[in-house]
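**Student:** Show me the folded form of this:
(one chain, ligands or ions: 1)
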Amino acid sequence: MKEFKKNTWFYPLPVTIIGTYDENMNANAMNAAWATIYDYNTVILNLGHHKTTDNLELNKAFTLAFATKDTLEASDYVGLVSFEKEPNKIKNAGLTPMKAPNVNAPLFKEYPLTLECKVRSIDEDYHVIGDIVAIQADEKILTDGNVDPKKLNAISFDPINHNYLLLSGEIAGEAFKAGLKYKK
Ligand SMILES: Cc1cc2nc3c(=O)[nH]c(=O)nc-3n(C[C@H](O)[C@H](O)[C@H](O)COP(=O)(O)O)c2cc1C
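**Tutor:** Got it, this is the predicted structure:
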């Protein structure tokens, strides 16, 4: 065993894209890897202060899309550049915003799986808790009517080596079944 000093190393970290509107209904997106499930049908985002957090405080709504192999470069870009400095951020990234059906936030056509969320709370350190109100999935990632991880082709963030990793959907084992062989 080699011991490393403490660090924010956690596997897997997702690559989520948080979509919000500003006061003029301009769509914005930011990359957030420190995001996960908080409770049943609830997510938590660990954010710093960004244009996105101003938008969240204003509209109390966001979309959370999962970055994919096809959207990798756009996803990285929206994590490198702030709307404050580049109001053409969404256009530059080649993203197509449209109003989400159930919340006051934009969906982006290029992302095939998106959670629509309402803000439950934001604390002074920008820990955002959001309730999932609906999920939008592009038909192209469905097999027999359900989301197919192989078609989704999501990516994960490697916080140690600063790479994006493919989640190509190869099945390693069946959950709630693989361990049954040890059950006495
Ligand atoms: C891979 C990656 C992961 C990131 N994760 C987070 C995160 O979890 N929380 C955060 O506050 N910022 C995170 N960022 C930085 C924001 O995406 C970045 O500051 C962005 O420009 C904010 O956009 P905005 O000012 O237009 O809202 C991440 C950036 C990258 C590239």
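
**Student:** which SS state does the residue of the chain found nearest the ligand fall under?
**Tutor:** Of all residues in the chain, residue 79 sits closest to the ligand, at 2.7 Å by C-beta to the nearest ligand atom. Glycine gets a C-beta too; all of them are placed from N, C-alpha and C. Using DSSP: H, G, I helix; E, B strand; the rest coil, the structure places residue 79 in helix.

**Student:** who's the residue lying closest to it once chain neighbours are set aside bridged to?
**Tutor:** Excluding the flanking residues, the one nearest residue 79 by C-beta to C-beta, 6 or more residues apart in numbering is residue 31, at 2.8 Å. Going by DSSP bridges, residue 31 is paired in beta bridges with residue 17.

**Student:** got it, and residue 97?
**Tutor:** residue 108.

**Student:** Do I have it right that it meets residue 27?
**Tutor:** Yes. In this structure residue 97 lies within contact range of residue 27 using C-beta atoms under 8 Å: 3.6 Å.

**Student:** Please list the residues of the protein that sit near the ligand.
**Tutor:** Residues of the chain lying close to the ligand by C-beta under 6 Å from any ligand atom are 28, 30-34, 46-48, 50-52, 76, 79-84, 157.

**Student:** now the helices for the chain?
**Tutor:** In the chain, helices defined by DSSP state H lie at 51-59, 72-80, 89-92, 149-152, listed in chain order.

**Student:** Switch those over to JSON lines; also include distance to residue 106.
**Tutor:** Converted to JSON lines, the helices of the chain look like this (distance: least, C-beta to C-beta, whole Å):
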{"stretch": "helix 51-59", "distance to residue 106": "10"}
{"stretch": "helix 72-80", "distance to residue 106": "12"}
{"stretch": "helix 89-92", "distance to residue 106": "8"}
{"stretch": "helix 149-152", "distance to residue 106": "20"}
